[in-house]
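Asks: Have a look; sequence and predicted model below, questions after that.
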Amino acid sequence: MADLNAYNRRVAAYNQQVAQQATRTNQQVDAYNRAADAQNRRTISDANKALRSARPELTYTPAESALVDRVQDAVGVLPATKETDVFLSYARIDGAVTASALKAALDRLNLSVWFDAASVKPGHSMSRQMDEGLRKAGPASSCSPRRT
């Protein structure tokens, strides 16, 4: 019986050592995860800053510049009853890049934009959803870049 008690004490001591090692390992993993999370947050923050400060290489004709100015002036006097500030439409064949850049610029101005890529629900009539978006939005803007 004494041998069995001694064996049980050795097993208990071993189990305690294993538990202590597991605790140390968990603490190390937690510290590593906290450091990795902090690095990920810094990386995401830096990427967001870079995206916000990126200047698209867009050029506007004088007529397009005048239109943008009129839209910006109109945005300042939007009625409070509209669900979105701007309805943005574009020609899919050649306007997606320009429209996306304009949407990003409007987003940076904290304006809500009805934009089909984000607003249209698959499986429903696109025409009806666009009509609904127009009814619920402030000024409308149409992008159809010139082909060169």
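Replies: That came in fine, so what should we check first? What you see is a predicted model, and the numbers here were worked out from it, not measured in a lab.
Asks: hey, where'd the helices end up in this structure?
Replies: Remark: helices assigned in the chain by DSSP state H are 2-53, 62-75, 96-108, 116-119, 126-136.
Asks: Which of these has the highest mean neighbour count?
Replies: The densest packing among the helices of the chain, expressed as mean neighbour count by mean count of other C-beta atoms under 10 Å, is seen in helix 96-108 with a mean of 17. For glycine as for every other residue, the C-beta is placed from the backbone atoms N, C-alpha and C.
Asks: Off-centre distance for stretch 125-132?
Replies: 24 Å (C-alpha atoms, centre = their mean, to the nearest Å).
Asks: switch to numbering from 15
Replies: With 15 as the first residue, the last one maps to stretch 139-146.
Asks: Any idea which of the helices of the chain gets closest to residue 97?
Replies: Comparing the helices of the chain by their distance to residue 97 (C-beta to C-beta), the top pick is helix 140-150, with 4.1 Å.
Asks: Now do that closest one: which elements does it pack against?
Replies: Packing partners of helix 140-150 (3 or more C-beta pairs under 8 Å, 6 or more residues apart in numbering; DSSP states H and E): strand 100-104, strand 127-129, helix 130-133.
Asks: Now residue 126. Nearest residue, chain neighbours left out?
Replies: Distances taken as C-beta to C-beta, 6 or more residues apart in numbering place residue 98 nearest to residue 126, at 4.4 Å, with adjacent residues excluded.
Asks: What mean pLDDT does stretch 20-33 get?
Replies: The average pLDDT within stretch 20-33 is 88.
Asks: Dump the helices of the chain into CSV; add distance to residue 103 as well.
Replies: Shown next, in CSV, are the helices of the chain (distance: least, C-beta to C-beta, whole Å):
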stretch, distance to residue 103
helix 16-67, 24
helix 76-89, 12
helix 110-122, 8
helix 130-133, 8
helix 140-150, 7
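Asks: could the helices and strands packed on helix 140-150 be laid out in a markdown table, adding distance to residue 146 and mean pLDDT?
Replies: Output for the helices and strands packed on helix 140-150, formatted as a markdown table (distance: least, C-beta to C-beta, whole Å; pLDDT from 0 to 100):
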| stretch | distance to residue 146 | mean pLDDT |
| --- | --- | --- |
| strand 100-104 | 10 | 81 |
| strand 127-129 | 9 | 84 |
| helix 130-133 | 9 | 75 |
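Asks: Having no further points to raise, I will conclude here.
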